[in-house]
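>>> below is the sequence, then the predicted model.
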Amino acid sequence: MKKIYVIALGLALSCNSSQKTTSGTEKSTSIAKAELAPTYAKSITEEELREHLFIYASDEFEGRETGEPGQKKAVDYLKKEYEKLGIPAAQPDGNYFQEVALELSKVPQGTMTIENSAFTVGEDILTFSEVKGNYSSIVYVGYGIEDEKYTDYGKIDVTDKIVLVKSGEPKNADGSYLISGTDEVSVWSNMSEALGKRSELAMSKGAKGMLYLDPDNFSRYGRYFQFMKTNDSGRMQLTAERAKEFMMLINEKVALAIYPDILEASENKLIDKKLDFNIESEDNSVESENVVAFIKGKTKPNEYVVLSSHLDHIGITGDGQINNGADDDGSGTVALLEIAEAFKKAADEGNGPDRSVVFLHVTGEEKGLLGSKYYTDYEPIFPLNETVANLNIDMIGRIDPKRTGDRNYIYLIGSDKLSTELHELSEEVNKKHMNIELDYTYNDENDPNRFYYRSDHYNFAKNNIPIIFYFNGTHADYHKPTDTPDKINYDLLTNRTQLVFYTAWDIANRENKLIVDKASTAK
């Protein structure tokens with residue numbers, strides 16, 4: 001998982017001939033398919049999960065850091081396993097690897113000068129990219145928000161200019177928030193989205209850069225900056241997203257130096273002030289890959305159920321210790337392999353899924369959900385408008401020490417965010433087959449951990465594709481060298497993997513597509 005950053009099986013049907021019509025063709029109803037599911041779920045075993053994980057999360061894979069030799073070993077392992085299973089690559093050319101071009105920018109150094117006062121990167125200003133140039137005016141645009149009910153841009157032209165923006169959002173006279181119309185803040189105050197939405201909006205208006213004042217979170221971003229600087233890790237991004245524009249966080253001292261009235265002012269304003277940027281960064285290209293296989297659907301081959309997990313982890317720390325990432329996300333990776341095997345057994349026996357099932361192992365999750373973002377935003381192998389659902393598995397082999405209750409549980413996140421049908425289907429499948437405790441603690445929109453935004457399902461959700469995120473919670477070994485395969489609860493990993501299989505089976509074989517009844521207009 002990115003840092004901010006199922007129990008008893010039903011009896012198999014004993015008479016295969018009873019599943020054929022007199023003409024020898026398979027029953028096509030979803031009811032008949034549902035009866036077959038336990039036959040293939042039982043192929044998901046503790047023994048095979050353990051065997052895979054002790055290899056995949058071994059020292060040989062060097063922590064699977066994106067672009068590093070260990071990650072190359074990981075993708076080769078996945079490719080060979082799919083070849084053994086006889087599951088083809090998703091890409092038409094037969095290549096299991098979807099190339100994801102990345103670049104690594106070292107933490108920048110330098111200054112921004114306002115008139116004659118210099119401010120240093122890492123202290124009063126924070127940015128993760130190179131910024132050079134001279135500007136003689138800045139446009140203050142208040143909260144930097146544009147909504148159907150409100151805009152901070154009005155008729156002012158910000159083309160080729162720098163915009164100055166502050167956090168927060170407008171209120172009505174009675175104290176309620178103008179955009180939501182209630183006492184609840186809107187998405188523009190959501191810490192996980194506010195900065196990105198403002199930056200994207202400013203750039204869409206033609207701005208060359210954005211200076212952002214967020215007093216409540218500046219120190220948090222500062223700690224992240226210092227962590228990257230200390231570890232010499234830099235910031236990784238998709239090469240496709242290299243931009244000439246920049247975004248910079250500033251503290252209150254810098255903001256007041258630019259515009260003394262910023263805390264009180266709400267009207268946009270052109271500010272005459274000289275700004276000089278001399279901030280340099282070293283950029284290096286990084287080669288990495290998603291691994292994508294699929295089983296073609298029998299009756300609805302052009303509709304797709306995507307199952308995902310991330311193949312990477314955080315690699316080797318400065319003291320030479322290997323972070324094996326057995327739970328994060330070795331557990332999700334091997335679960336996906338076992339689910340793929342179950343679907344392939346079904347297909348080999350003439351009981352393959354009606355819809356196509358895609359097995360997507362993404363790279364760069366720990367670097368900012370990069371592999372999944374590349375798949376959804378730049379090169380979807382299969383059309384997103386025909387992608388029925390995404391079931392994402394990220395850490396399902398351990399127990400959250402903070403949680404009380406039955407150990408046979410799983411946290412579910414996002415099942416009800418876009419599709420009521422998906423949530424109800426998920427509940428029904430679990431009740432019928434597994435009876436795992438489904439814990440929705442982290443599904444709360446106000447959960448401070450913001451897990452909904454922190455794994456690869458989010459890149460599907462933002463495209464209005466219904467998702468479920470399966471997660472066991474964090475633990476003392478999260479992102480540490482002690483996250484090793486001997487710590488995994490293999491009985492729980494098996495149960496949870498079977499739950500995902502049953503859910504995917506039902507989605508792939510139901511008569512109609514899931515209805516998206518809560519579509520979002522925000523990305």
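Everything's here; your move. Numbers count the residues shown, from 1 in each chain.

>>> can you show me the strands along the stretch 151-300 of the chain?
Under the criterion DSSP state E, counting those that start in this stretch, the stretch 151-300 of the chain contains strands at 162-166, 209-213, 235-238, 246-250, 269-280, 283-295, 300-310.

>>> for those strands, which has the smallest mean pLDDT value?
Least confidently modelled of these is strand 235-238, at a mean of 91 by mean pLDDT.

>>> which other helices and strands does it contact?
strand 97-105, helix 370-377 (3 or more Cβ pairs under 8 Å, 6 or more residues apart in numbering; DSSP states H and E). (Each C-beta comes from the backbone N, C-alpha and C, glycine too.)

>>> quick one: average pLDDT of the last one?
Summarised as a single mean, pLDDT over helix 370-377 is 98.

>>> that one vs strand 300-310, what angle?
160 degrees (axes from the mean of the first three to the mean of the last three Cα atoms, to 10 degrees).

>>> helix 370-377: how far from the chain's middle?
9 Å (Cα atoms, centre = their mean, to the nearest Å).

>>> buried sites along it?
Neighbour-count burial for helix 370-377, counted by 16 or more other Cβ atoms under 10 Å, picks out 370, 371, 372, 373, 374, 375, 376, 377.

>>> what comes up buried for the longest helix along the chain?
What stands out as the longest helix in the chain, according to DSSP state H, is helix 490-509. Under the neighbour-count criterion of 16+ other Cβ under 10 Å, helix 490-509 has 490, 492-509 buried.

>>> for the residue nearest in space to the middle of the chain, give its distance to residue 369.
In the chain, the centroid-proximal residue (Cα atoms, centre = their mean) is residue 456; its distance is 2.3 Å. In this view, residue 456 and residue 369 are 6 Å apart by Cβ to Cβ, to the nearest Å.

>>> and for residue 248, the neighbour number?
By other Cβ atoms under 10 Å, the residues close to residue 248 number 21.

>>> check the one 5 residues further on too.
Residue 253 is surrounded by 12 other residues when neighbours are defined as other Cβ under 10 Å.

>>> now do it against residue 218, distance only.
10 Å.

>>> doesn't residue 337 belong to a helix?
Yes. Checked against DSSP: H, G, I helix; E, B strand; the rest coil, residue 337 lies within a helix.

>>> quick one: contacts for residue 169?
143, 145, 177, 178, 179, 185, 186, 188, 189 (Cβ atoms under 8 Å, 6 or more residues apart in numbering).

>>> for ChimeraX, write the select line for the buried members of those residues.
The ChimeraX command for the buried members of the contacts of residue 169 (criterion: 16+ other Cβ under 10 Å) is given here:
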select :143,145,177,179,186,188,189
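
>>> would CSV of the contacts of residue 169 with pLDDT and distance to residue 316 be doable?
Output for these, formatted as CSV (pLDDT from 0 to 100; distance: Cβ to Cβ, whole Å):
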residue, pLDDT, distance to residue 316
143, 97, 42
145, 97, 42
177, 95, 46
178, 94, 49
179, 93, 45
185, 92, 41
186, 91, 42
188, 94, 39
189, 92, 38
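
>>> thought the residue nearest to the centre of the chain was touching residue 391?
No. Residue 456 lies out of contact with residue 391 (Cβ atoms under 8 Å); the separation is 10.8 Å.

>>> what residues are shared contacts of these two?
residue 308.

>>> now do the helix or strand hosting residue 343: which elements does it pack against?
For residue 343, the host element (DSSP states H and E) is helix 332-348. Helices and strands touching helix 332-348, by 3+ Cβ pairs under 8 Å, 6+ apart, are helix 30-41, helix 46-56, helix 69-85, strand 283-295, strand 300-310, strand 355-362, strand 387-393, helix 490-509.

>>> now do that helix, average pLDDT.
98.
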